[in-house]
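Peer 1: Predicted coordinates and the sequence they were generated for:
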Amino acid sequence: MALELEGTIRQKMGVQSGTSARGAWAKQEFVVDFPDGNYTSQACFTAWGQDKVQELDKYQVGDRVKVSFNLKSREFNGRWYNDLQIWRISPAGAAQPAAPAPTPAAPAPVAPAPTLDDMPGEDAQDDLPF
């Protein structure tokens, strides 16, 4: 499931790295503040892989970013854990093309309000009750 969120980087944790059976790995977690109705919420994301960690290094605390991520869950000892793994991080608003500014339309002509003289007269052939 691919999701996107825009917000401000609140905190960056240290880079964690190691070696597994598949080779060297690196990850870095960071927290983003984002608007949630009338309040501000936080989400902790994970940049997995050296390339994603280097991409995250371009941004500092306080920068507005757009984060594209996948939501992953896993079970361990009867408890479930969620992980928000990013696959792209970019400056907020950079991925969206600039929309052309709307041109102001000419005002629509306004018809004058009807008067009593504009109303049709009483007609004997008009037998409708309304």
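Peer 2: Right, received. Where do you want to start? Please read these numbers as outputs of a predicted model, since none were measured by experiment. Numbers count the residues shown, from 1 in each chain.
Peer 1: Can you show me the strands along the chain?
Peer 2: 2-20, 23-36, 39-48, 64-76, 79-91 (DSSP state E).
Peer 1: Report the buried residues of the first one.
Peer 2: Of all the residues in strand 2-20, those buried under the rule 16 or more other CB atoms under 10 Å are 5-10, 12. The way it works is simple: take the backbone N, C-alpha and C, and place the C-beta from them, glycine included.
Peer 1: Which strands border it, and is each parallel or antiparallel?
Peer 2: Each strand paired with strand 2-20, and its direction, by DSSP bridges: strand 23-36 (antiparallel), strand 64-76 (antiparallel).
Peer 1: the inter-axis angle of the longest one versus strand 39-48?
Peer 2: Interaxial angle, strand 23-36 versus strand 39-48 (axes from the mean of the first three to the mean of the last three CA atoms, to 10 degrees): 170 degrees.
Peer 1: ditto for the shortest one
Peer 2: With the same axes, to 10 degrees as the criterion, the two stretches strand 64-76 and strand 39-48 enclose an angle of 70 degrees.
Peer 1: Can you list the neighbours in contact with strand 64-76?
Peer 2: 1-9, 32, 45, 59, 80-95 (CB atoms under 8 Å, 6 or more residues apart in numbering).
Peer 1: one step back: out of the strands of the chain, which gets nearest to D117?
Peer 2: strand 23-36 (56.5 Å; CB to CB).
Peer 1: if you average pLDDT over the closest one, what comes out?
Peer 2: Mean pLDDT, computed over strand 23-36, is 93.
Peer 1: ok and it relative to strand 79-91, angle-wise?
Peer 2: Calculated by the same axes, to 10 degrees, strand 23-36 forms an angle of 80 degrees with strand 79-91.
Peer 1: Number the residues from 50 up from this point.
Peer 2: Okay, using 50 as the starting number, the last item reads as strand 72-85.
Peer 1: What lies in contact with strand 72-85?
Peer 2: By CB under 8 Å, 6+ apart, strand 72-85 touches 54-68, 89-99, 101-102, 105, 114, 116.
Peer 1: do that again at 6 Å, thanks
Peer 2: Identification of contacts with strand 72-85 by CB atoms under 6 Å, 6 or more residues apart in numbering yields 54, 56-62, 64-67, 89-97, 99, 102, 105.
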